[in-house]
Structure formats: C-alpha cells, structure tokens
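Peer 1: Dropping a prediction and its sequence here:
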Amino acid sequence: MKTLEELQETQTQHVNDYVNNLLETVESRNPNELEFQQAVKEVLDSLVPVLVKNPTYIQKGVLERIIEPERMITFRVPWVDDNGKVQVNRGFRVQFNSAIGPYKGGIRFHPSVNASIVKFLGFEQIFKNSLTGQPIGGGKGGSDFDPKGKSDMEIMRFCQSFMTELSKYIGPDTDVPAGDIGVGAREIGYMFGQYKKIKGAYEAGVLTGKGIGYGGSLGRKEATGYGTVYFVEEMLKDKGHSFDQSTVVVSGSGNVSIYAMEKAMQLGAKVVACSDSSGYIYDPNGINLDTVKQLKEVDNKRIHEYVKEHPGASFEIGCSGIWSVPCDIALPCATQNELDKEDADILVSNGVKAVGEGANMPSSQEAIDIFLEKDVLFAPAKAANAGGVAVSALEMAQNSARIAWTVEEVDEKLQEIMKNIYRKSLDQSEAYGVPGNFVVGANIAGFVRVADAMIEQGVI
Ligand code: NDP
Ligand code: 2IT
C-alpha cells in the first residue's frame, strides 16, 4: 500500500501533467503570443498546490475557462494626421473575465501593442483586480498607435476614432477602461468626451482616471506608484527594514514611476536613478523630482534633459543599464520584461534587499527565480501595482454615489487595500508551504476568489 506521502506525490504529478497539458493548449492555440504564454505559465505553475488540495477547480473546468478570454475585440482605427494624410492603426479590447464584476483594466497606446500584449495584460488583470477585494473583472485594451511626436490635435482625433468603435462594447456596468502606457488624463478626457457625445448621456463611471473636475477621483494619479511603495514598505517592515535611509532605483519616468519615487522620497529614501526608453539618469545627490515632473508631465521631453539642470548627474544611453546602479530597493516601473536574468544577477551582487514591480510583468521568469533563490524580498506586479486599479474601483464607487471623497479619504483606503493584499498574499504563501513567496501567494489569493465565483455561476 502507498503511504500518504506517496499518494500526495502521485497526485501532484497528475496535477503537474494536467497543467503542462493546458500550457501546451495555450501555446498551440495562441502561437507566437509569447508574453501571453509567459503570463499564463507563471500563474498556472504556481496554482499546482491549490489544485492538488481542491480538485473541484479541475473537475469544474475552471482552468480551461479562465485561460480563454470571454471576448476579444479587434478593430480598425482610422484618423487624419496634421498633413491631411489618412493613418490607420489597430485597436484592441480583451474582455477576459467578468466573474466578480464588470471588465476593468487600462488602455495602452504604444507601437509594441498587439494581441499578445493585450491578452497578457488582461490575464494578469483578472487576478490583480480580485486581490484588491473590489468588484471588478479583468480586461485590457490598446492600440499600436505611437503618441510620441504627435500634436495635441492628432492625439485628440486618434482618441475620438478609437472611442467611436470602442463605445459599442463598454459601459459603466459592462467594461470600464482606464489609462496605461501612453494614456493619461488627457487621452481619457478626449475618449470620455467622444463616448458622451455618442451615447448622449453622462455615464461618468464608464472610464476611470478622469480629470478631477468631471468625475475623476482625487488620488488616482498617484495610486499605482504610492501603492507599490506601500506594499514594499509592508514587506520590508516584516523583516525589520524600511524605505527610510535606503537607496532606491526606479525605472521609467512616467505615471507609475514618478509617484513611486515621490512616495519613496516621502518615506525617507534617496532615489538615485530613473529612465525612459532612451536611457537612464544617475544622480548621486538624489533625483530632483520637480525637474522630472516638469520634463515628463509638462514639457514632454526626454530624460537626458535632466542633466542640463543638474550637472552633478549623468545620463547613460540604453535603459537596461539602470540595474547596474547599486541600490537597496529596485522598483521596475516601465514595461514588461525590462529586467532579465543578467540584470537580476547584477542587482543581487550589488546587495539589493527588495524588488517591487510597479510595471506589469517587468521581470522575466529567470530574473524572478534568481530573486526568490537569493532571498531577495520580491513583490510581484499583480500584488504590488494593484493600487491603481483599486483606486479606479473607488472612482467608480464615487461616480455611482455621485459623491467625491477627499484625497486623505482615498489615500487611507488605498493604504488599507495594499495592506490587505500584502496580508492575503503572505497568508496564502504560508498556507501552501512557501512563506514569503508572494508570487505563489498572490496568484493563489487572486485565483481562489474568481474561481469560486465561476463555479457558483455555472458553466458560462
Ligand atoms: P507611462 O506611459 O506614463 O510611462 C511609461 C514609462 O516607461 C516611460 O518612462 C516610458 O519611456 C517607459 N517605457 C515604456 N515602454 C518602454 C519600453 N518598451 N522600453 C523602455 N521603456 C519604456 O506609463 P505608466 O507609468 O502608466 O505605466 C508603466 C507600467 O506600469 C506599465 O507596465 C503599465 O502597464 C503599468 N501599470 C500602470 C498603471 C497605471 O495606473 N498607469 C497601473 C498598474 C500598472 P518613454 O517615454 O521613452 O516611452
Ligand atoms: O495595469 C493596470 O492595473 C492599469 N493600467 C490600471 C487599470 C485601471 O483600470 O485603473
């Protein structure tokens, strides 16, 4: 007769085979979609223990359903540039999972956007949104439109054309987009205006990240970056560390990056480097955030301009070099796969204590493996950057109630939400025998809520 241990081992082997089979299906059904395959693999691999313990999830076909979007919309976005020339871009919206609420997730404008990018982001969003505890499903959208170098009127015409088509598929109770790379308050404003014109109704909750004067929430702009730092601070606190007196490196210089730097500085850290897609700046005296904000939020300039105002700082071409800057805490806040195995090795050899992902899937799987192996505190994206979408859900709540909370009220709720996400992820990592592995903990905590809802709602 087999011992209990042997039986458990056989069971784990069965579940591993089942997961590997599913991953093969994902690969053959979504060929060439490497980012999507990467995101699914990370989640499914970490769900093995929960599937062994609760075979119902397998019996009810939850996994087969959760890896297939409920709907994927692809559309033409024609617009006229300032020279009168017709341009055509491709628009996407993936409505991935609505088990716990309307689809919710940002819109990205970047030349690299394709089906794989949108689907990886939409898939991640399911679990991230679940972790927030808010009633929001998973979705994502975007276009291969490149906002760089476009005039304000070109941006407006593009946003209007994009929304003319997207408006058929979204609404405050069906699908609620927001910003992401290349989409901030200006773009949300143009899209909201076009949606309102088409619908002939003021449906404030159809988009989040709106301007404060017409239904936006105070604190939404800061929420992702602040939330990332709140999560990492919790993680550090448990180990007797903190941001205070730490040296921090933050990649990117966009929305997430700027407010991650701001909160880290408020907590007493010295941020010495940040970047854009052309390269990174290193300022041994500590980055002057006012200069970065002026360059990026106001003047739309490249990051190397920083050095003109701060001669003590230097600029290096190429963005991945930023990880060779010695630091205690690294916050990748730019884009997917911006931190690979070699970067992880360098960070570890320079003594990094913690890595917090402000961007979505910024670390490659090999990089994550190194951090976990070397006991670097690692905060994975879907837990660490969930503060943005969490405050988006608070914006929806305010819109429904036709009220506006103060910035203090929103920030207090954000801190509470980030602490809850930290606690849930830690509890699950402990329950499944990998204490402090927040990749496993966050994936399981995010999954269970959605999976249970899917089972309760039947096979749909
Ligand atoms: P922004 O457009 O405001 O900023 C993006 C920053 O990343 C810029 O500095 C940009 O440089 C840099 N960047 C973008 N693409 C690349 C690339 N391919 N290579 C190198 N650098 C690049 O976007 P956000 O700050 O909103 O988003 C950053 C990340 O955070 C993304 O992964 C996004 O999905 C994620 N995120 C965003 C949330 C939000 O609320 N906005 C919420 C949760 C996650 P350049 O200007 O030169 O292109
Ligand atoms: O990746 C993300 O969570 C976002 N871009 C924010 C989504 C949202 O709906 O606020």
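Peer 2: Nice, thanks for sending it over. Numbering: from 1, shown residues only. Ligands and ions are numbered 1, 2, ... in the order given.

Peer 1: C-alpha only now, for contacts and for neighbours.
Peer 2: OK.

Peer 1: Residue 362: what's it in contact with?
Peer 2: 332-339, 381 (Cα atoms under 8 Å, 6 or more residues apart in numbering).

Peer 1: Name the strands paired with the longest strand seen in the chain and say parallel or antiparallel.
Peer 2: Assignment by DSSP state E gives strand 86-97 as the longest strand of the chain. Note on strand 86-97: by DSSP bridges, its sheet partners are strand 71-80 (antiparallel), strand 137-143 (antiparallel).

Peer 1: Need those in TSV (columns: mean pLDDT and mean neighbour count).
Peer 2: Shown next, in TSV, are those (pLDDT from 0 to 100; neighbours: other Cα atoms under 10 Å):
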stretch	mean pLDDT	mean neighbour count
strand 71-80	98	16
strand 137-143	99	30
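
Peer 1: still on that earlier bit, ligand 2: which of the contacts of residue 362 is nearest?
Peer 2: The nearest member of these to ligand 2, counting by Cα to the nearest ligand atom, is residue 381 at 8.8 Å.

Peer 1: so the closest one touches residue 355, yeah?
Peer 2: No: if you go by Cα atoms under 8 Å, residue 381 and residue 355 don't touch, sitting 10.2 Å apart.

Peer 1: tell me, what residue is most central in this protein?
Peer 2: Residue closest to the mean C-alpha point of the chain, counted by Cα atoms, centre = their mean, is residue 360 at 3.9 Å.

Peer 1: Can you tell me the SS state at it?
Peer 2: Per DSSP: H, G, I helix; E, B strand; the rest coil, the secondary structure class of residue 360 is coil.

Peer 1: and it, what is it in contact with?
Peer 2: Residue 360 neighbours (Cα under 8 Å, 6+ apart): 121, 333, 335-336, 381-382, 385.

Peer 1: List only those of these flagged as buried.
Peer 2: Among these, those buried by neighbour count (16 or more other Cα atoms under 10 Å) are 121, 333, 335-336, 381-382, 385.

Peer 1: Present those residues as TSV; the columns should include secondary structure, distance to residue 244 and pLDDT.
Peer 2: Formatted as TSV, the buried ones among the contacts of residue 360 follow (DSSP: H, G, I helix; E, B strand; the rest coil; distance: Cα to Cα, whole Å; pLDDT from 0 to 100):
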residue	secondary structure	distance to residue 244	pLDDT
121	helix	32	99
333	coil	20	99
335	coil	26	98
336	coil	28	98
381	helix	22	98
382	helix	25	98
385	coil	21	98
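
Peer 1: mind giving me CSV with the residues you listed and columns for distance to residue 51?
Peer 2: CSV is the format used below for those (distance: Cα to Cα, whole Å):
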residue, distance to residue 51
121, 24
333, 32
335, 31
336, 28
381, 23
382, 20
385, 26
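
Peer 1: and of the residues you listed, the nearest to residue 39?
Peer 2: residue 121 (8.3 Å; Cα to Cα).

Peer 1: check contacts around the closest residue to the closest one other than its chain neighbours.
Peer 2: Ranked by Cα to Cα, 6 or more residues apart in numbering and with sequence neighbours excluded, the top spatial neighbour of residue 121 is residue 140, at 6.3 Å. Residues in contact with residue 140 (Cα under 8 Å, 6+ apart) are 93-96, 104-107, 118-119, 121-122, 125, 177.

Peer 1: what pairs with residue 140 across the strands?
Peer 2: Beta-bridge partners for residue 140, by DSSP bridges, are residue 94.

Peer 1: how close does it get to residue 36?
Peer 2: Going from residue 140 to residue 36 by Cα to Cα, to the nearest Å gives 13 Å.

Peer 1: hey, what's in contact with both of those two?
Peer 2: With Cα under 8 Å, 6+ apart, residue 140 and residue 36 have common neighbours 119, 121.

Peer 1: Cheers, nothing more for now.
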